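Chemist: using only what follows, build the 3D model:
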Amino acid sequence: MNDCDVIVVGAGPSGSEAAWALARRGLRVGLVTDSLDSVYRLETPVDSPPRGGLLARVWSADTWELHRRAKYALEAEETLRLFQSSVTGLLHGGGRVTGVKTWEGFSYRAGAVVLAVGSFLGAVLRAGALEEAAGRLGEAAYPDLYEHLRGLGFAFEPDSYLVPESDGAPAYTVSFQRFAPGEREEASGGLLRLPGLYAVGRVALGHTPAPVRAASGRALGEVLVPGGSG
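Modeler: Numbers count the residues shown, from 1 in each chain. As a prediction, this is how the structure comes out:
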């Protein structure tokens, strides 16, 4: 499926919710992630099920069980394709976004692109003496996409969060870049510099609890119109 109505980049809470909501409206959706093992993966559990959306349907206090259920639910949607690839930049022309390009050499065209890349732009992870370009423990950052967006003129500001030690995994911090105020229209989620491009989750809101990020993706997925003016 090299042509979609919407491409969602990133399959964390916000990206998964956006893709699921879009697909349930009958739109053709490409959900791109660097790792299929990280679909809807949470750093810390959600203690109780929220109301509405994919998270409410697949909720589990066990983060890996939640991941398994969410991946199954997404793959079950007839008009949604979930695939593993590394997005390095955007396709654009005629004054709007037209798709994405990948490190593997493939291009995917769409009427709209949603960036749900979390803490993976300009990311640095620190765990004790370890320091690496990663947006989460064991997962590489998106350096090419970040530099591509900067080259298009997008402005960013720094943010960070701490993940406490859990189940034998060490505590770590992630410093990352999110879109600066003024780059994104709050009501629509659209990025003003390039029509057809949207941002949800951490890359738009900064570090917020997982249910808040999920809700931002779901809200966008319920109203986004590919090829519209936003």
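Chemist: what's the closest non-adjacent residue to residue 199?
Modeler: Leaving aside its chain neighbours, residue 199 sits nearest to residue 115 (4.6 Å; criterion: C-beta to C-beta, 6 or more residues apart in numbering). Placement of C-beta: from N, CA and C, glycine included.
Chemist: that neighbour pairs with what?
Modeler: Beta-bridge pairing of residue 115 under DSSP bridges involves residue 9, residue 199.
Chemist: okay, now it: neighbour count?
Modeler: Burial measure for residue 115: 30 neighbouring residues, criterion other C-beta atoms under 10 Å.
Chemist: tell me who's in contact with it.
Modeler: Going by C-beta atoms under 8 Å, 6 or more residues apart in numbering, residue 115 touches 9, 10, 191, 197, 198, 199, 200, 203, 204.
Chemist: out of these, who's the most crowded?
Modeler: Using other C-beta under 10 Å as the neighbour criterion, residue 200 leads the contacts of residue 115 with 32 neighbours.
Chemist: what's the spacing between it and residue 76?
Modeler: Using C-beta to C-beta, to the nearest Å, we find residue 200 at a distance of 22 Å from residue 76.
Chemist: ok, now residue 163?
Modeler: Between residue 163 and residue 76 the distance is 30 Å, computed by C-beta to C-beta.
Chemist: same check on residue 23?
Modeler: Note on residue 23: its distance to residue 76, by C-beta to C-beta, is 10 Å.
Chemist: out of these two, which sits in the busier spot?
Modeler: More neighbours sit around residue 23 than around the other of residue 23 and residue 76, counting by other C-beta under 10 Å; the figures are 23 against 9.
Chemist: which SS state does the residue nearest to residue 77 when sequence neighbours are not counted fall under?
Modeler: Once its chain neighbours are removed from consideration, residue 77 has its nearest residue in residue 23; the separation is 4.1 Å (C-beta to C-beta, 6+ apart). For residue 23, the assignment made with DSSP: H, G, I helix; E, B strand; the rest coil gives helix.
Chemist: how about the residue of the chain most remote from its centre, phi and psi?
Modeler: Largest separation from the mean C-alpha position in the chain: residue 129, at 28.3 Å (C-alpha atoms, centre = their mean). Main-chain dihedrals, residue 129, degrees, to the nearest 10: phi -80, psi -10.
Chemist: contacting residues for residue 90?
Modeler: Applying C-beta under 8 Å, 6+ apart, we find residue 90 in contact with 97, 99, 100, 101, 113, 148, 149, 152, 194, 197.
Chemist: can you tell me which of the residues you listed are buried?
Modeler: Buried positions within these, assessed by neighbour count (16 or more other C-beta atoms under 10 Å), are 97, 99, 100, 101, 113, 148, 149, 194, 197.
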